[in-house]
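> show me how the following folds:
(2 chains)
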Amino acid sequence: MAKRSIGFAENLRELGLLIFIIVLSVGVQLRNPAFLTLENINSLFTNTAILGILAVGMMLVLITRGIDLSIGATIAFSGMITALTVSRYPDMSPLLAIVEGTAIGLAVGMVIGVLVARFDVLPIIATLGMMNIVRGLTYVISGGKWVSSYQMSTGFKAIATGRTLGLNNLIFIAIVVYLVAAYFVNHNKSGRQIYAVGSNPEAAGVSGIPKRRLIFLAYSIMGALAGLAGVLWVAKFASAQGDTAIGYELQVIAACILGGVSITGGVGKLSGLILGTVLFGILSNALPLINVSPFWQMGIQGVTVLAAVLTNVMVKRNTERNALRRRAI
Amino acid sequence: MSDINFQEVRVSTAKPWSWKEFFFQWEWLLVVVLLLVILVNSIISPYFLSLDTFINTPATFLDKGFIVFPMMLVIILGKIDISVASTAALSAVVMAVSYNAGLPMPLAILLCLGVATLGGAINGYLMVRFKELSFVIVTLSTMTIYRGIAYIILGDQAAGNFPAWFSFLGWGSILGLPVILVFFILAAVIFGLLLHRTSFGRVVFGMGNNTTACRYSAVNTDRVTLIVFTLAGLMAGVTAIFLTSRMGSTRPNVAMGYELEVIAMVALGGVSTNGGIGRIGGPILAVFIIGYLSYGMGLANLQAPVVLVVIGTLLITSVLAMRVRFRQKKKTSAV
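As a prediction, the model looks like this:
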């Protein structure tokens, strides 16, 4: 009984999120009719694709009870190195550029994974430290200069503008990432075990689940996805700067939390994640459309995160109380 | 039920004094590192090794030093507060804007401290009221909210035009010592006494080791958490005052990245990020090590990004080194 009610509450949550998305869209549409045009929706999803890709990795990290504050820096780092390579070798294949960026991100993620999983450094300390190291290295490598649009080959920029199967490449890549993640999280042994590690690390350890290896895996995946996102980011905005994606980690964490990923570990579904990402995408797309000053955005983001976690706590407390009450009868 | 007086329960764990114990301390290592940093600095610049530079240099980096003390308490509790830099920025902005709106400067300074204290208290309240939430997400969201409010108030403008006497706090000196250094020493003494000589300090250590046990021992753990985070806010306000005084004006993006430096100073100072362990001397030494180090890197014409890399590396290596240290200790105590 209790189990069913908690499952029910989860579905209710997603339904509520969906209703909120619809209400928000209608509200914005009334204020500015340019919102629900095919063109804007396409650009909305293209903009949200990168956020969505990162949210998958962040969900895995959050499920293991960790957090990764370094991804904004990793995006800048992998984007910068890839952009520099492309400007040096203009006829490099775009696919190779994607592989290069992903590998760089993977390397950063593996360092964090070793620190957290092998040496028990707190995730917030390890990723805060790496965030600054990687950000600093980005500035050092670029010498403080930008790589601008004219230095990039058309093939590289086409990563973000081209189409595959009628879809924008970014959206296509995001869909592929979600399909792979859906298989990994629902049908793969390691994917299932990550949830076990997050919901009860001691029990997972006792049951012979390779706890440390899985935590390492989660940070490595996060790093690789951040590296991939770095290439996409630079291709999309056609510029690589030292301060690319600064503070972007908060938006990714916010999208995860809105999507029902629990910050205390063990809980998180891809369906919720998609809704959370889309909601966040709409928020950042719609705010400028209804003339909200850009200076308000940071505050609004922070309040959204806090409101979402507090709502999560309230809903959870409520379901648990109801479950107890039902058992008493 | 009142709080237990921890002074009386001080069990006689005092070990006999030994040379080995005395010299194998983390703080001595820090002293050696500090001397090395000073040595390298004076090789880079022959002007460094004069009493004058030596006493006046700290004024350039001590502003963030004030947050180190409450951050030490927070970390001993087993938590981390990454919102302090945003609190400092918000309170600095509020101070500047309210002064420009006609509030007398002393009141503006009080308002700055008040806003900062409130910011810290909100962190503490959220943590106590919603125990399910980890300190990471609470301080991460208030970090964004506080800086976000600063941006809402001031946009991308700067605010300043403070009265002439206000710059005395950051630039003046009392009895040959910079004002900021005098205040830092004062804060060090107060927090040192608070941490090592009061029952409150004992409780903070106790909670870092085992919060549940402390609660069952009739310690009002919620109140302690609330006080510690409120102190972090208050000291962020002090930082805001000195930082603004030195810069002469303020913007919403001031004090960016201070949380990293402060956490790095505390970790380098030998405070375990797992909570429950630390002494006031270590972080004080670490403030000067990192301060003189950044100053020296400035002398050597290294850019700010390099300093970022170095401080990030210092943070991670000192946390790793602490781990090795405590594992060895555990081994010896098991024997």
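> how about the strands in the chain?
Going with chain A. Here chain A has its strands, by DSSP state E, at A:163-164, A:167-168.
> if you could check chain B rather than the one you did, that'd help
Using DSSP E, strands in chain B cover B:173-174, B:177-178.
> look up how far A:Met59 lies from A:Gly260.
10 Å (CB to CB, to the nearest Å). No exception for glycine: its C-beta is placed from N, CA and C like everyone else's.
> now swap in A:Gly162 and tell me
28 Å.
> neighbour count: the two, which is higher?
Higher neighbour count among A:Gly162 and A:Met59: A:Met59, with 28 against 14, using other CB atoms under 10 Å in any protein chain shown.
> and the gap between that one and chain B?
14 Å (CB to the nearest CB, to the nearest Å).
> quick one: contacts for that residue?
A:Met59 sits next to A:256, A:259, A:261, A:268, A:270, A:273 when contact means CB atoms under 8 Å, 6 or more residues apart in numbering or on different chains.
> same list (the residues you listed) but as TSV, adding distance to B:Thr139 and pLDDT.
Shown next, in TSV, are the contacts of A:Met59 (distance: CB to CB, whole Å; pLDDT from 0 to 100):
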residue	distance to B:Thr139	pLDDT
A:Cys256	17	89
A:Gly259	22	85
A:Val261	19	86
A:Gly268	22	85
A:Leu270	28	89
A:Leu273	24	90
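> how about the residue lying closest to A:Pro90 once chain neighbours are set aside, what does it touch?
Distance criterion CB to CB, 6 or more residues apart in numbering or on different chains; nearest residue to A:Pro90, sequence neighbours excluded, is A:Ser153 at 4.3 Å. Neighbouring residues of A:Ser153 by CB under 8 Å, 6+ apart: A:86, A:90-92.
> touching chain A at all, stretch B:91-105?
No: Stretch B:91-105 stays out of contact with chain A when judged by CB under 8 Å from any CB of the partner chain, the minimum separation being 11.9 Å.
> by mean pLDDT, point me to the weakest helix or strand of chain B.
helix B:19-23 (a mean of 69; mean pLDDT, DSSP states H and E).
> if we can go back for a sec, pick the most deeply packed of the strands of chain B.
strand B:177-178 (a mean of 18; mean count of other CB atoms under 10 Å in any protein chain shown).
> what's it packed up against?
helix B:51-56 (3 or more CB pairs under 8 Å, 6 or more residues apart in numbering or on different chains; DSSP states H and E).
> now do the buried residues in the helix it packs on.
Neighbour counts using 16 or more other CB atoms under 10 Å in any protein chain shown place B:Asn56 of helix B:51-56 among the buried residues.
> with stretch A:93-112 instead?
Within stretch A:93-112, the residues that qualify as buried are A:94, A:97-98, A:100-112, counting by 16+ other CB under 10 Å.
> again with stretch B:44-63
B:48, B:56-63.
> got the contact list for that stretch?
B:38, B:41-42, B:170-171, B:173, B:176-178, B:180-181, B:184, B:239, B:242-243, B:246, B:287-288, B:290-292, B:294-296, B:299-300.
> make a ChimeraX selection of whichever of these turn out to be buried.
Those of those that count as buried under 16+ other CB under 10 Å are selected in ChimeraX with:
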select /B:38,41,42,170,178,180,181,184,239,242,243,246,287,288,290,291,292,294,295,296
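> take the contacts of stretch B:44-63 and keep only those in helices.
B:38, B:41-42, B:170-171, B:180-181, B:184, B:239, B:242-243, B:246, B:287-288, B:290-292, B:294-296, B:299 (DSSP state H).
> quick check: A:Met131 touching B:Leu315?
No: A:Met131 is beyond contact range of B:Leu315, at 10.4 Å (criterion: CB atoms under 8 Å).
> between those two, which has more neighbouring residues?
A side-by-side neighbour count of A:Met131 and B:Leu315, using other CB under 10 Å, places B:Leu315 first with 28 against 25.
> I figured that one hits B:Leu260, correct?
Yes: in this structure B:Leu315 lies within contact range of B:Leu260 using CB under 8 Å: 7.0 Å.
> list the buried residues in stretch B:206-224.
B:206-208, B:211, B:214, B:219, B:221, B:224.
> only alpha carbons, please: show that stretch as CSV.
Extracted in CSV, the C-alpha atoms of stretch B:206-224 (Å, rounded to 0.1, in the frame of the first residue of the first chain):
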residue,chain,number,x,y,z
GLY,B,206,31.3,17.3,19.5
MET,B,207,28.7,17.8,16.8
GLY,B,208,31.4,17.4,14.2
ASN,B,209,32.2,14.0,15.6
ASN,B,210,28.7,12.8,16.3
THR,B,211,25.7,15.1,16.1
THR,B,212,23.2,12.4,17.2
ALA,B,213,25.2,11.7,20.3
CYS,B,214,25.3,15.4,21.1
ARG,B,215,21.5,15.7,20.7
TYR,B,216,21.0,12.8,23.1
SER,B,217,23.3,14.5,25.5
ALA,B,218,20.8,17.4,25.8
VAL,B,219,22.8,19.7,23.4
ASN,B,220,20.5,22.0,21.5
THR,B,221,22.1,21.0,18.2
ASP,B,222,19.7,23.1,16.1
ARG,B,223,20.7,26.2,18.0
VAL,B,224,24.4,25.5,17.5
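> chain center to that stretch: distance?
Relative to the mean C-alpha coordinate of its chain, stretch B:206-224 is positioned 23 Å out (CA atoms, centre = their mean, to the nearest Å).
> can you check stretch A:34-42 too?
Chain-centre distance of stretch A:34-42: 23 Å, with CA atoms, centre = their mean.
> what's the end-to-end length of it?
12 Å (CA to CA, to the nearest Å).
> and the contacts of that stretch?
The set of residues external to stretch A:34-42 that reach it, using CB under 8 Å, 6+ apart, is A:25, A:28-29, A:168, A:285-286, A:289.
> if we go to 7 Å?
For stretch A:34-42, contacts defined as CB atoms under 7 Å, 6 or more residues apart in numbering or on different chains pick out A:25, A:28-29, A:286, A:289.
> same check on stretch A:50-57?
A:71, A:170, A:173-174, A:177-178, A:181, A:221-222, A:225-226, A:228-229, A:232-233, A:251-252, A:255-256, A:273, A:277, A:280-281.
> inside helices: which ones of the residues you listed?
A:71, A:170, A:173-174, A:177-178, A:181, A:221-222, A:225-226, A:228-229, A:232-233, A:251-252, A:255-256, A:273, A:277, A:280-281.
> before we move on, the earlier item: now the common contact residues for A:Gly260 and A:Met59.
A:Gly268.
> how close does the residue nearest to A:Pro90 get to chain B?
27 Å.
> A:Phe77 too?
12 Å.
> number of residues surrounding that residue?
32.
> find the nearest non-adjacent residue to the most centrally placed residue in chain A, please.
The centroid of chain A falls nearest to A:Ala55 when counting by CA atoms, centre = their mean (2.0 Å). Excluding the flanking residues, the one nearest A:Ala55 by CB to CB, 6+ apart is A:Ala255, at 4.8 Å.
> next: B:Val40.
Nearest to B:Val40 is B:Gly296, by CB to CB, 6+ apart, at 6.2 Å.
> can you check B:Gly248 too?
B:Gly160 (5.5 Å).
> and the pLDDT at the one you found?
Confidence at B:Gly160, expressed as pLDDT, is 81.
> you'd agree it is up against B:Arg246?
No: using CB atoms under 7 Å, B:Gly160 is not in contact with B:Arg246; the gap is 11.8 Å.
> dump the strands of chain B to TSV, plus mean pLDDT and distance to A:Met80.
Listed next are the strands of chain B as TSV, based on pLDDT from 0 to 100; distance: least, CB to CB, whole Å:
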stretch	mean pLDDT	distance to A:Met80
strand B:173-174	84	44
strand B:177-178	88	40
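> closest one to A:Leu306 among those?
Of all the strands of chain B, it is strand B:177-178 that lies closest to A:Leu306, at 38.9 Å by CB to CB.
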